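Colleague: Predicted coordinates and the sequence they were generated for:
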Amino acid sequence: MLKLGVNIDHVATLREARYRGLKRGEPDPVAAARMCVQAGAHGITAHLREDRRHIVDRDVVALRAAVEVRFNLEMAIVPEIVDIALLVKPDVVCLVPERRQEVTTEGGLDVAAHLDPIRRAVDRLNRGGIEVSLFVAPDLAQIEASSLTGTQFVELHAGAFAEEFHDAKNRERELDRLTDAARLARSLGLRVNGGHGLNYENLRALHRVPFLEELNIGHSIVSRAVFDGLDRSVKEMLALMEGYDGEPLPK
């Protein structure tokens with residue numbers, strides 16, 4: 001069964017637009033996480049950025065206490081954030097690149113170019129009892145490098161697929177890249193997740209990519225929830241994920 005992890009960062013983005021720097025405010029990301037779980041989400045994802053632009057430290061602590069499903073903490077390899085993760089102990093950490101000027105995470109980790117620091121971070125988190133995922137582009141060299149770090153998962157960056165979705169030729173190219181990356185990751189003993197840019201229009205096409213275990217989706221769900229509510233928005237996304245069997249199609 002393909003699982004849904006709901007990223008609640010943009011709930012915190014809305015709160016911080018009015019209450020930044022204050023100890024409380026609305027909407028509450030923890031309340032949002034509870035609603036997503038009640039609607040059937042299999043996991044909750046939050047990104048603790050170095051600049052604390054949306055999710056802040058107290059959110060991570062509160063989410064760990066409140067979330068009974070799989071809690072995924074996205075983070076850069078920053079010593080302070082690694083220390084927080086080891087203290088809070090999410091179920092899994094997804095290591096992502098992070099640039100202060102970006103609106104959202106714009107690309108995958110360059111694992112091949114930063115193999116040693118990533119390997120050290122993975123080892124430290126694993127020794128702390130936390131599984132690790134690496135957020136990488138569907139690039140075979142990056143998948144091969146990821147297999148050398150000790151990570152348990154790769155999360156395939158689906159952003160290029162999402163951007164090219166309305167161009168049939170380019171969409172097929174990106175689906176082929178995701179498929180080849182998933183096949184290679186699986187052959188190297190890595191488990192495979194996916195995320196970034198997935199929405200109610202393009203998700204069904206992703207059923208072609210094999211071996212996916214979990215999709216992490218945030219902006220699209222939170223955006224639809226403005227009009228339809230979180231409960232309905234999560235259930236509609238789960239319905240689009242039904243029928244995925246994870247088996248590779250023959251070449």
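Modeller: That came through, no problem.
Colleague: can you count the residues close to Asp123?
Modeller: Residues near Asp123, counting by other Cβ atoms under 10 Å, number 14. To be clear about C-beta, it is placed using only N, CA and C from the backbone, and glycine gets the same treatment.
Colleague: Now for it: which residues touch it?
Modeller: The contact partners of Asp123, by Cβ atoms under 8 Å, 6 or more residues apart in numbering, come to Gly150.
Colleague: So it lies in a strand, does it not?
Modeller: No: with the criterion set as DSSP: H, G, I helix; E, B strand; the rest coil, the secondary structure at Asp123 is helix rather than a strand.
Colleague: what about the residue nearest to the spatial centre of the chain, distance to Asn170?
Modeller: Computing the C-alpha centroid of the chain and ranking residues by Cα atoms, centre = their mean puts Asn216 first, at 4.2 Å. Counting by Cβ to Cβ, to the nearest Å, the gap from Asn216 to Asn170 is 23 Å.
Colleague: next one: Val82
Modeller: Using Cβ to Cβ, one obtains 37 Å as the distance from Val82 to Asn170.
Colleague: the more surrounded of these two?
Modeller: Relative neighbour count places Val82 above the other of Val82 and Asn170, with 20 against 14, counting by other Cβ under 10 Å.
Colleague: and the nearest residue to Pro138 once chain neighbours are set aside, how many neighbours?
Modeller: For Pro138, ignoring the flanking residues on the chain, the nearest one in space by Cβ to Cβ, 6 or more residues apart in numbering is Ala181 at 3.6 Å. Burial of Ala181 is recorded as 25 neighbouring residues (other Cβ under 10 Å).
Colleague: residues contacting Ala181?
Modeller: Applying Cβ under 8 Å, 6+ apart, we find Ala181 in contact with 136, 138-140, 143, 154, 156.
Colleague: what's the first-to-last distance across stretch 12-26?
Modeller: 8 Å (Cα to Cα, to the nearest Å).
Colleague: Skip ahead from the lengthiest helix in the chain and say which helix or strand is next.
Modeller: Counting by DSSP state H, the longest helix found in the chain is helix 168-187. Moving toward the C-terminus from helix 168-187, the first helix or strand encountered (DSSP states H and E) is strand 191-195.
Colleague: is it true that Glu213 lies in a strand?
Modeller: Yes: inclusion of Glu213 in a strand is indicated when three-state DSSP is applied.
Colleague: and stretch 34-51, how far apart are its ends?
Modeller: Across stretch 34-51, the terminal residues are separated by 25 Å (Cα to Cα).
Colleague: Buried residues, that stretch. List them.
Modeller: For stretch 34-51, the buried set under the neighbour-count rule, 16 or more other Cβ atoms under 10 Å, comprises 34-37, 39, 41-49.
Colleague: quick one: the strands in the stretch 51-200 of the chain?
Modeller: According to DSSP state E, counting those that start in this stretch, the stretch 51-200 of the chain carries its strands in the segments 70-75, 92-95, 131-136, 153-157, 191-195.
Colleague: deepest of the ones you listed, which one?
Modeller: Mean neighbour counts were taken over these using mean count of other Cβ atoms under 10 Å, and the top value, a mean of 28, falls to strand 153-157.
Colleague: What mean pLDDT does that strand get?
Modeller: For strand 153-157, the mean per-residue pLDDT is 98.
Colleague: If you count contacts, what does it end up packed against?
Modeller: Counting contacts by 3 or more Cβ pairs under 8 Å, 6 or more residues apart in numbering; DSSP states H and E, strand 153-157 is packed against strand 92-95, strand 131-136, helix 168-187, strand 191-195.
Colleague: Now do it and strand 70-75, the angle between them.
Modeller: In terms of direction (axes from the mean of the first three to the mean of the last three Cα atoms, to 10 degrees), strand 153-157 departs from strand 70-75 by 70 degrees.
Colleague: C-alpha coordinates for strand 153-157, CSV please?
Modeller: Presented in CSV, the C-alpha positions along strand 153-157 are these (Å, rounded to 0.1, in the frame of the first residue of the first chain):
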residue,chain,number,x,y,z
PHE,A,153,15.7,5.5,2.2
VAL,A,154,15.9,7.9,-0.7
GLU,A,155,13.1,10.3,-1.4
LEU,A,156,13.0,11.0,-5.1
HIS,A,157,12.5,14.7,-6.0
